[in-house]
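Enquirer: Next comes the sequence, and after it the predicted model I'd like to discuss.
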Amino acid sequence: MNIRFLFILTFLFHNLHAQVAFKTRHLELSIDPSGHVTQWTGRSSGKHYADSTRKSPLLVLYIGAQSESPSKASYNPKSKTLTLQYPQSKATLTVRVEEREEYLVFELIKALPETAIDKVVWGPFATSIGETVGEIVGVVRNGQFALGIQSLNVKTVGGFPSNNEGFELARGSAAQQTPSGSVLQAYALNRSKARNITVWDKNFPNMPVPPIPGETVRGSKIALFGCPEPQALELIGKIEVEQGLPHPLIDGVWSKISPQTGRSYLIANYTESNIDTLLEYTQKAGLMSLYHMDAFKSWGHYELSPAFFPNGVAGMQDCVKKANQKGIHLGAHTLTNFIQTHDPYVTPVPDKRLAKTGFSRLSAAVDSNATVIPVESPEYFANTHANWLHTVVIEEELIRYKKVSDEAPWMLLDCEQGAFGTKKPPMPSAPRWANSWITPTRCFTPTWNSKPKLRGTSPGVSTNRGFPISTSTATKAVWLRDRGITASTSLQKRLSGIPPIR
């Protein structure tokens, strides 16, 4: 009994005071007793690719604006878990490690205290490779060897959290160049809390953000890999397939290597009557696709326009059959997540799931003919950034206003009640709430929670209307609703349910 007890103590001591190495076919990754990555080693060459001038914590946690790196790590080889300790916050993170043949998988399976942690950052992992840095794809290369990071689920975003919504307008930062090489990084945000944050590149300040229950940092998951440079792209494709990530195909070939990717196409509003002529033009030009710019009655419900398709879906499907016979793809412009003002989601009764930027209580009752509406606060109504429709909703009525008064008492001026065909209510008996709506590109957008339920944001736009191709143009619209890149990634994952282009 004493011998067994001594063995257990010795084993634990070893794991707390020695580096642990994780291996794939081409890479050995070492983590020290403080929970920092100390080395990336090419196994065949023995070359080291860590940047020794910078520290590389496996996971950095944030509580409020305060960041903390781990100070202690232990590895349990039986459960294949790393336990990271953070003394300042008294937090503990548990990471499951999986050694795949060609890449390593790290998953945050436990976080304590879970709801207190506002975000976590994987890395940044400092490398000495700086010759070619792929900011978006998260791969760095030097001509011989490549290192990379891949996000493996929706809640994990490649890059560094430069703001509270998880939004990047520029090229991305999954990989970034440094004076001594590069860094690889990813992160996850705690979205389970109600927050007020600035949204969409500072267009909507202090926007109230409702919580997503249970959506904490737990479950964040990444892959790290190293391989000979020529194999990097193929390995990314393998990770996508094995991890169940979107892996779009064109004629059975992954889109990232397909010769069809990036080919030009003809933009013309084909109809049931002119489809033969336009297909002939497309074929003569040597193009692969014919693309419609205005195929729907409205964005939102995406019913086919009878002006182009008097026989509806059957007419569209007949056009598709003709295109298939010539080896040409048909497509249509779908401004993803934008809902036009004449769509049934807006009028005559606006859907309660349309996104709002903020609200104020009315400071007095308003009759149905009023052109001035008194509000207690001008905060959300006076903001003119991307507020192109100047629209508020009061119960089931939309009201447009020209401007906000310059001083108190605060007023919405030059108001148009019953906007966009909504109905004016009878004179209210008491003040109500006015909500400012998100109106980019003179359209509305749905809320995060409603998105899977609204027809205009589902893969059915393509499959139910007969389109073999339906572009997800302007997916940045999902960023407007405060969920940043996570919203866009979530949308793309759902859209990946569309059958491959054949």
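Expert: Cool, got the structure. Numbers count the residues shown, from 1 in each chain.

Enquirer: Please, where are all the helices along the stretch 351-500 of the chain?
Expert: In chain order, the stretch 351-500 of the chain shows helices spanning 460-463, 484-495, with DSSP state H, counting those that start in this stretch as the criterion.

Enquirer: Worst mean pLDDT among the ones you listed?
Expert: The weakest mean pLDDT among the helices of the stretch 351-500 of the chain belongs to helix 460-463, with a mean of 48.

Enquirer: Low-confidence ranges, the chain, go.
Expert: Low-confidence segments of the chain, defined by pLDDT under 70, span residues 1-17, 169-170, 426-432, 434, 437-441, 448-502.

Enquirer: got the domain boundaries for it?
Expert: What automatic domain parsing lists as the domains of the chain is 2-245, 266-338+447-495, 356-437.

Enquirer: As a markdown table, those with mean neighbour count would be great.
Expert: Where C-beta positions appear, they are placed from N, C-alpha and C, glycine not excepted. Supplementary listing: the domains of the chain in a markdown table, determined by neighbours: other Cβ atoms under 10 Å:
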| stretch | mean neighbour count |
| --- | --- |
| domain 2-245 | 18 |
| domain 266-338+447-495 | 19 |
| domain 356-437 | 17 |
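
Enquirer: Need these in JSON lines (columns: distance to Lys256).
Expert: Supplementary listing: those in JSON lines, determined by distance: least, Cβ to Cβ, whole Å:
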{"stretch": "domain 2-245", "distance to Lys256": "7"}
{"stretch": "domain 266-338+447-495", "distance to Lys256": "14"}
{"stretch": "domain 356-437", "distance to Lys256": "32"}
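
Enquirer: of all those, which lies closest to Thr347?
Expert: Closest to Thr347 of the domains of the chain is domain 356-437 (Cβ to Cβ; 4.1 Å).

Enquirer: Distance from the chain centre to that closest one, please.
Expert: The gap between the average C-alpha position of domain 356-437 and the chain average comes to 31 Å, counting by Cα atoms, centre = their mean, to the nearest Å.

Enquirer: of all the domains of the chain, which lies closest to Ser255?
Expert: The minimum distance between Ser255 and the domains of the chain falls on domain 2-245, with 9.9 Å, by Cβ to Cβ.

Enquirer: Skipping its backbone neighbours, what lies nearest Thr24 in space?
Expert: If you skip the residues right next to it in sequence, Thr24 has Glu102 as its closest partner in space, 5.3 Å away by Cβ to Cβ, 6 or more residues apart in numbering.

Enquirer: got the contact list for that neighbour?
Expert: Glu102 is in contact with Thr24, Arg25, His26, Phe225, Cys227, Leu235, Lys238, counting by Cβ atoms under 8 Å, 6 or more residues apart in numbering.

Enquirer: of all the domains of the chain, which lies closest to Pro344?
Expert: Across the domains of the chain (criterion: Cβ to Cβ), the nearest stretch is domain 266-338+447-495, sitting at 5.7 Å.

Enquirer: Would you work out how far apart the start and end of stretch 293-307 are?
Expert: Distance between the boundary residues of stretch 293-307 (Cα to Cα, to the nearest Å) amounts to 13 Å.

Enquirer: quick revisit: just the ones of the contacts of Glu102 in strands?
Expert: Phe225, Cys227 (DSSP state E).
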